[in-house]
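[1] Everything below, folded, please.
(one chain, ligands or ions: 1)
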Amino acid sequence: MSRSAGTDAPAKPLIVTDRDTLAAVLAKVRSDGQTIGLVPTMGALHDGHLSLVRRAVRECDFTVVTIFVNPTQFGPQEDFARYPRTLEADLQALAQAQADLVYAPTAEQIYRPGFSTFVDPPDVAQPLEGHCRPGHFRGVATIVLKLFHLVPAHVAYFGRKDYQQWRVIQAMAEDLDLPIRVEACPTVREPDGLAMSSRNRYLTPAERQQAVAVSRCLLHAAQLAAQGETRAAMMRQQMRDVLTRSGITRIDYVALVDPLTLTEVEEVHADTVALVAAFVGGTRLIDNRQLKE
Ligand code: PAF
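    Residues are numbered from 1 along each chain as shown. Predicted coordinates for the structure are as follows:
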């Protein structure tokens, strides 16, 4: 909508905080026959998020980014209060990436007094993150469904970094016949392999070095598979060994799963997905990789 042509500074996205303005702007966009791409985020944007925005900008006429740190997807002992909130920097990055509109509502607008309706997430939400973070996907599915209603987009973009989240949202969209296409984009990594994450900024320099083992254990699984290894139990043990050798001992899971159901496999195949969740110091990191990647 407001992209600059031939000027140095990129046009700023329209910033909207209330749902009526959002509805009015997007109704006009749709009635003009434009396609809408949606990138839901919790802010603290990094290049992983921006790769989603750039793809939406390439593929859709109008790109909406939502910034909302969703309280219902955090457990009581988790980092909701200290989750990084960096709105000014986020807006600058989104201007560079040429997003058209940023929707940044308050918690009160999203969860009005008396709010009590939640999405019961699909089966694929049960293992792994669902097991370690009870209620997490209930909160994710609920906010994402609300955002899908508030932003009548044609396509929504999510990062493969949150592999299970992507599968949960995809299953929800299919099960509930939501008129939106759910796309997943590749994980963006630091040069040493660490997956980009808003939580990486919690790491001390020493922890940052240690954190490389999280992606390295996935690479190790892929290398074993490339050498012809198929025994999942043995591979999971070796993934754990990579972590513990680097000093990471608080491991929520290392898993080798079916890419659709996320159930553990006994024998790996090219499409098997390796996943890990572990604490580096006090910071919980997750990562994944398809073995054939
Ligand atoms: O991946 C995230 O940042 C969040 O879980 C999401 C999808 C924006 C929902 O709050």
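[2] which non-adjacent residue is nearest whichever residue of the stretch 151-293 of the chain sits closest to the ligand?
    As assessed by CB to the nearest ligand atom, the ligand sits closest to Asp162 within the stretch 151-293 of the chain, at 5.2 Å. Placement of C-beta: from N, CA and C, glycine included. Nearest residue to Asp162, sequence neighbours excluded (CB to CB, 6 or more residues apart in numbering): Ile286, at 7.3 Å.
[3] Near that neighbour, how many other residues are there?
    Neighbours of Ile286 under the rule other CB atoms under 10 Å: 22.
[4] Arg201 too?
    12.
[5] That one belongs to a strand?
    No - per DSSP: H, G, I helix; E, B strand; the rest coil, Arg201 lies outside any strand segment and is helix.
[6] With Glu174 as the reference, measure out to it.
    Counting by CB to CB, to the nearest Å, the separation of Arg201 from Glu174 is 35 Å.
[7] so what's the closest residue to the ligand within the stretch 51-200 of the chain closest to, chain neighbours aside?
    Closest approach between the stretch 51-200 of the chain and the ligand, counting by CB to the nearest ligand atom: Asn70, at 3.9 Å. Distance criterion CB to CB, 6+ apart; nearest residue to Asn70, sequence neighbours excluded, is Ile143 at 4.4 Å.
[8] what number of residues lie near that neighbour?
    So Ile143, with other CB under 10 Å, has 22 neighbours.
[9] Same question for Asp175.
    Asp175, neighbours per other CB under 10 Å, totals 11.
[10] And for Ala95?
    Using other CB under 10 Å, Ala95 has 16 neighbouring residues.
[11] you'd agree it is up against Leu14?
    No - taking contacts as CB atoms under 8 Å, Ala95 lies outside contact range of Leu14: 10.9 Å.
[12] Give the buried residues for stretch 73-83.
    Neighbour counts over stretch 73-83 (16 or more other CB atoms under 10 Å) mark 73-74, 83 as buried.
[13] The ligand contacts on this protein?
    Counting by CB under 6 Å from any ligand atom, the residues of the chain close to the ligand are 40-42, 70, 73, 140, 143-144, 162, 165.
[14] unless I'm mixing things up, the residue of the stretch 51-200 of the chain closest to the ligand is touching Met42, no?
    Yes - assessed by CB under 8 Å, Asn70 is found in contact with Met42 at 6.5 Å.
[15] ok so, going back, tell me the SS of the residue nearest to Asp162?
    Using three-state DSSP, the structure places Ile286 in strand.
[16] in terms of contact, does it touch Val280 like I think?
    No - shown here, Ile286 and Val280 do not form a contact pair, counting by CB under 8 Å, at 11.2 Å.
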